[in-house]
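K.L.:
kindly return the folded structure for what I paste below:
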Amino acid sequence: MISIYEHKVIVLPSDIDENRHANNLCYLRWMNEAAIAHSSSNGWSAQRYLELGSNWFARRHTIEYLTPAQEGDELTVKTWISDWRNIRSTRTYHFIRQNDQAVIAEAETLWAFVNLATGKPTRIPKIVTDSFAVVR
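P.N.:
Numbers count the residues shown, from 1 in each chain. Okay, the predicted model is just below:
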């Protein structure tokens, strides 16, 4: 079981916006990629969630930008589960610039576990929660 997952990212020219830094939408994309990779590394691929009949839906994202990411920056997105509650989970992220180890952003996503047939939130099964450590 991987408690804290590290997802590597390089800021590409296409990530840069008119303000000459990585656009905020890139952070959301990187968060989603890191969450999916972490889940898959612990045995929960998209296919396995589909077979279970449920999947994660984002309810809320919060991002605090501490310093901008620039083109060419190599980042590590560290992510972990920081809370489980019946039908939802909080996932935390830290964006770390590799050249100086600076934390350039901190974020959280509140995820709801949803039954795909009904479209309604459903209790997270123990088989899922047992696959991830909670890191506080």
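
K.L.:
A helix includes residue 34, no?
P.N.:
Yes: per DSSP: H, G, I helix; E, B strand; the rest coil, residue 34 lies within a helix segment.

K.L.:
burial count for it?
P.N.:
Neighbourhood size, residue 34 [other C-beta atoms under 10 Å]: 24. Where C-beta positions appear, they are placed from N, C-alpha and C, glycine not excepted.

K.L.:
not counting its neighbours along the chain, what's nearest it?
P.N.:
residue 7 (3.7 Å; C-beta to C-beta, 6 or more residues apart in numbering).

K.L.:
contacts made by the strand or helix carrying the one you found with the rest, please.
P.N.:
Assigned by DSSP states H and E, residue 7 belongs to strand 5-10. Residues outside strand 5-10 that contact it (C-beta atoms under 8 Å, 6 or more residues apart in numbering) are 30, 33-34, 37-38, 41, 72-80.
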